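Enquirer: Below are the sequence and a predicted model; questions follow.
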Amino acid sequence: MQNIVILTGAGISAESGLRTFRAEDGLWEDHPVEQVATPEGFAADPALVQRFYDQRRAGVLAAMPNPAHQALGQLDRVWREEARGELLLVTQNIDDLHERGGATDVLHMHGEALSVWCTICDARQHWVEPLSGNPPCPSCGAAGLRPDIVWFGEMPYRMDEIFGALGRADLFVSIGTSGAVYPAAGFVQYARENGARTLELNLEPSLGSRLFDETRLGPASELVPQWVAEMLQSG
Ligand code: APR
């Protein structure tokens, strides 16, 4: 039995054509975070923020899962079907490429591009259309829909569940994240303190690399299938 927690970031979707945030061509280079990813920015200019996430949503719908997403989908299925232990896949990403790669019960701690949240009735629902033009909430009819995204200053989703799984983990694997944003950047330390082995798969060393027992550098589309093959052979 081996309990695994996997954390993914924008790097796992880079080879699917979705931009990361902090590279030189990153999203935050031409979209100041304060304007498009904070509640204050949304209050100041909702049309700008809706347009920004309309672009993100359209990009997600046009993207395809890459071999890294597919490998994690396979690992998820085998771990569940062979009852080899818990496997929790936590992603900071708002795309649905893990799901389309075959993973189930993906925990989107920063929300989802394909979900909307009504600020009037609090209902959340699957959504693929633009929000520019303020369409009515399907539940209450009010023009109060916002992206179901966790902005800076807001609480990430299902943190208790994540820390519970980290406390039970034998292995924590971080894939495609810079380790720049908390609370996700603190997961490796918490996992270590609770006895987990820690592995990082990333294109370059992250800010937290020194905290990992092992770091493998390279593109996720190569590193992740290779790691999953090792896990499935380990029996
Ligand atoms: N394969 C593996 N790793 C990659 C690849 C790739 N093909 N391409 C880029 N990376 C790595 C980069 O080296 C970098 O370390 O992915 C990481 C991406 O880092 P960020 O752009 O900071 O994205 P992320 O870590 O997911 O950001 C975390 O910050 O802005 C918030 O909410 C946003 O969820 C996001 C959070």
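Expert: It's in.

Enquirer: And the average pLDDT for the longest helix along the chain is what?
Expert: Determined from DSSP state H, the single longest helix within the chain is helix 46-62. Helix 46-62 comes out with an average pLDDT of 97.

Enquirer: what does stretch 157-164 give?
Expert: 98.

Enquirer: again, but for stretch 6-17
Expert: Mean pLDDT, computed over stretch 6-17, is 98.

Enquirer: Now it: buried residues?
Expert: 6-16 (16 or more other CB atoms under 10 Å). Backbone N, C-alpha and C define where each C-beta goes, glycine included.

Enquirer: Could you check how far the closest residue to Gly111 other than its chain neighbours is from the ligand?
Expert: Leaving aside its chain neighbours, Gly111 sits nearest to Ile149 (4.1 Å; criterion: CB to CB, 6 or more residues apart in numbering). Ile149 sits 8 Å away from the ligand, going by CB to the nearest ligand atom, to the nearest Å.

Enquirer: What count of nearby residues applies to Ile149?
Expert: 22 (other CB atoms under 10 Å).

Enquirer: just checking, it touches Asp95?
Expert: No - in terms of CB atoms under 8 Å, Ile149 does not count as a neighbour of Asp95; the distance is 11.6 Å.

Enquirer: Common neighbours of those two, please.
Expert: Jointly contacting Ile149 and Asp95 under the rule CB atoms under 8 Å, 6 or more residues apart in numbering are Ala113.

Enquirer: Give me the helices and strands touching the strand of greatest length in the chain, please.
Expert: Across the chain, the strand with the greatest residue count (assigned by DSSP state E) is strand 111-118. If contacts are counted by 3 or more CB pairs under 8 Å, 6 or more residues apart in numbering; DSSP states H and E, strand 111-118 sits against helix 46-62, strand 124-126, strand 145-149.

Enquirer: Out of the ones you listed, indicate the one that is most buried.
Expert: Highest mean neighbour count of those: strand 145-149, a mean of 22 (counted as mean count of other CB atoms under 10 Å).

Enquirer: Can you add distance to Ser139 and give the helices and strands packed on strand 111-118 back as JSON lines?
Expert: Converted to JSON lines, these look like this (distance: least, CB to CB, whole Å):
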{"stretch": "helix 46-62", "distance to Ser139": "19"}
{"stretch": "strand 124-126", "distance to Ser139": "7"}
{"stretch": "strand 145-149", "distance to Ser139": "10"}
